[in-house]
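> Here is the input, now give the coordinates:
(4 chains)
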Number of protein chains: 2
Amino acid sequence: MPKQPTPAEAPAPKRRRADAERSVAAILDAALEALASDPDSSMSAIARRAGVVRATIYVHFPTRTDLLDAVMEYAIAQVVEAMSGAEPHRGRPVEALERVLRATWRQLAQFHGLLALNTARLSAEELRRRHRPMLDQLEPLIERGQKQSVFRSDLPVAWHLAVIRAIVHTASHESQGGRIPESEAEAAMLSTAISAISARAL
Amino acid sequence: MPKQPTPAEAPAPKRRRADAERSVAAILDAALEALASDPDSSMSAIARRAGVVRATIYVHFPTRTDLLDAVMEYAIAQVVEAMSGAEPHRGRPVEALERVLRATWRQLAQFHGLLALNTARLSAEELRRRHRPMLDQLEPLIERGQKQSVFRSDLPVAWHLAVIRAIVHTASHESQGGRIPESEAEAAMLSTAISAISARAL
DNA sequence: CTTGACTCAGACATCGTTGTCTGATTTATT
DNA sequence: AATAAATCAGACAACGATGTCTGAGTCAAG
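Numbering: from 1, shown residues only, chains lettered A, B, ... in the order given. Modelled structure (predicted):
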């Protein structure tokens, strides 16, 4: 399947003016912020935050659902990039996990609110499908740790992944609520995550 | 402070007809179910599920917010009752924790959706204040475990509580999504929760 | 500089939801 | 059986959100 005659880049082959490109970016960023703090943010609110008129959003995203999908893809791409940048494959599993989580957790925290949104509007399967890219970054790492008997093997990988996700979100939640400072939250998250999935006798 | 001249029971001193009592109960139950599956359920939807006309809800709950508050109080009361029924104070900390979680987690799962609702409409502090009764059931248990060096003392109790809550929710989520059967989810939840908060050398 | 793409300002119809009200009917209580 | 309480059925206004449209103005690219 070689290149089509149309000189299309991979995802959005539309040729837009630099102008429009900026608008889309602004809208995406604004939507991310707005929806993270309130998943029911209206199009007006998003437009206002983006410094744009509401109708402009509809030029680029025909419907609210389309915008939501785009925002989700945008957010996940950012997280995946941060994760893979932390090289999950390198070094001993425990250290690799710490490295990845450290690099990721603040970002995940930022997008925390989006989860609520998506659990509401998407089926569980669909949601899982879209989160896949993030899990794919961690899954081999966990499996590697299991093979080395560093992580518990009596529980499925999927469970470990779910637990780690939950602990990361907990840390962001507790720190965002001012219950514990960010640095302590990070430390607590790391050590609890390790504890939770580590095999008994180290 | 002895009894007031008015023969008032503790919470709701209103003298209602048996009739109305049933309606309120039906509405509360319906709202619980409806909101758990969709936090944005409309009054119509709730009324329909309760086998009642929408106007009837407004007879007992002047506004949507009032209903939401009542539902939340109702749900929390149920959970607290289940928890205290499991006698958190009795026996060794690890076993007591297992007992309490086992008795509670399915119920908590049922109300899982309400959390999303309340995080949206309430401030973090207010939310925390209302969840207090549930935490109060667990807190002494965790502290007891820490004093016996069974649970980690290098992390605050509040953190342990948050982690436990997160793990329970994760279990309910994974099992509800059909990723693992309920019994396995329960086992995984228990053993992970213990792992997460236990001190290193048992 | 000229053209076409893009944005703005503001209006509009449509829809669903909340909250109120009325009058007729049923039901619990005594 | 009589009385008061509660529900029903259905209408209503008010509101906010989505999505569409128009016409005028602005900006990037050739």
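> same question for the helix ranked longest in chain A, mean pLDDT?
What stands out as the longest helix in chain A, according to DSSP state H, is helix A:124-147. Helix A:124-147 carries an average pLDDT of 95.
> anything in it near chain B?
Yes. Using CB under 8 Å from any CB of the partner chain, helix A:124-147 reaches chain B at A:Ala124, A:Arg128. For the C-beta atoms, the positions are set from N, CA and C on the backbone; glycine is no exception.
> The least confident helix or strand in chain A by mean pLDDT vs chain B: in contact?
Between all helices and strands in chain A, the lowest mean by mean pLDDT, DSSP states H and E belongs to helix A:112-121, at a mean of 82. Yes. Using CB under 8 Å from any CB, we find that helix A:112-121 touches chain B at A:Ala116, A:Thr119, A:Ala120.
> Same question for stretch A:35-54.
Yes. For stretch A:35-54, a contact with chain B is found by CB under 8 Å from any CB, at A:Asp38, A:Pro39, A:Asp40.
> and the second one, how many residues sit next to it?
Here the number of neighbours of A:Pro39 (other CB atoms under 10 Å in any protein chain shown) works out to 22.
> was I right about it contacting A:His112?
No. Judged on CB atoms under 8 Å, A:Pro39 makes no contact with A:His112 at a distance of 10.5 Å.
> overlap in contacts of these two?
Shared contacts of A:Pro39 and A:His112, defined by CB atoms under 8 Å, 6 or more residues apart in numbering or on different chains, are not found at any residue.
> and which of the residues of stretch A:35-54 next to chain B is nearest to B:Ile142?
Of all these, B:Ile142 sits closest to A:Pro39, with 31.7 Å by CB to CB.
> pLDDT value on that closest one, please?
Looking at A:Pro39, the pLDDT reads 90.
> for A:Ala188, same thing?
A:Ala188 is given a pLDDT of 97.
> A:Gln176 now?
Reported pLDDT for A:Gln176: 86.
> What parts of chain A come near chain B?
Looking at chain B, the residues of chain A close enough under CB under 8 Å from any CB are A:38-40, A:116, A:119-120, A:124, A:128, A:152, A:154-156, A:158-159, A:162-163, A:165-167, A:169-170, A:173-174, A:176-177, A:179-180, A:188, A:191-192, A:195-198.
> which residues does the residue lying closest to A:Ala199 once chain neighbours are set aside contact?
Excluding the flanking residues, the one nearest A:Ala199 by CB to CB, 6 or more residues apart in numbering or on different chains is A:Arg152, at 5.1 Å. A:Arg152 makes contacts with A:Gln146, A:His160, A:Ile197, A:Ser198, A:Ala199, A:Arg200, B:Ser195, as judged by CB under 8 Å, 6+ apart.
> Can you pull the poorly scored residue ranges out of chain A?
A:1-14, A:201-202 (pLDDT under 70).
> now the helices for it?
Using DSSP H, helices in chain A cover A:18-37, A:43-50, A:54-60, A:64-85, A:93-110, A:112-121, A:124-147, A:157-176, A:182-197.
> Which positions in the third one come out as buried?
Translated: helix A:54-60. Neighbour counts using 16 or more other CB atoms under 10 Å in any protein chain shown place A:Thr56, A:Ile57, A:His60 of helix A:54-60 among the buried residues.
> With the second one instead?
For helix A:43-50, the neighbour count (16+ other CB under 10 Å) marks A:Met43, A:Ala45, A:Ile46, A:Ala47, A:Arg49, A:Ala50 as buried.
> could those residues be laid out in TSV, adding distance to DNA strand D?
What follows is these, written out as TSV (distance: CB to the nearest atom of the strand, whole Å):
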residue	distance to DNA strand D
A:Met43	3
A:Ala45	7
A:Ile46	8
A:Ala47	9
A:Arg49	13
A:Ala50	13
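> between these, which is nearest chain B?
Looking at the buried residues of helix A:43-50 and their distance to chain B, the nearest is A:Ala45, at 14.2 Å (CB to the nearest CB).
> Let's see the longest helix of chain A as CSV, backbone CA atoms only.
Written as CSV, here are the backbone C-alpha positions of helix A:124-147 (Å, rounded to 0.1, in the frame of the first residue of the first chain):
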residue,chain,number,x,y,z
ALA,A,124,-16.7,0.2,28.9
GLU,A,125,-15.3,-1.7,25.9
GLU,A,126,-14.9,1.4,23.8
LEU,A,127,-13.2,3.2,26.6
ARG,A,128,-10.8,0.4,27.1
ARG,A,129,-10.0,0.2,23.5
ARG,A,130,-9.0,3.8,23.4
HIS,A,131,-6.9,3.6,26.5
ARG,A,132,-5.1,0.7,25.0
PRO,A,133,-2.0,2.7,23.8
MET,A,134,-1.2,3.7,27.4
LEU,A,135,-1.6,0.2,28.8
ASP,A,136,0.6,-1.1,25.9
GLN,A,137,3.4,1.0,27.3
LEU,A,138,3.2,-0.6,30.7
GLU,A,139,2.1,-4.2,29.9
PRO,A,140,5.5,-5.5,28.7
LEU,A,141,7.2,-4.0,31.7
ILE,A,142,4.9,-5.7,34.2
GLU,A,143,5.3,-9.0,32.4
ARG,A,144,9.0,-8.7,32.5
GLY,A,145,8.8,-8.1,36.2
GLN,A,146,6.6,-11.2,36.6
LYS,A,147,9.0,-13.4,34.7
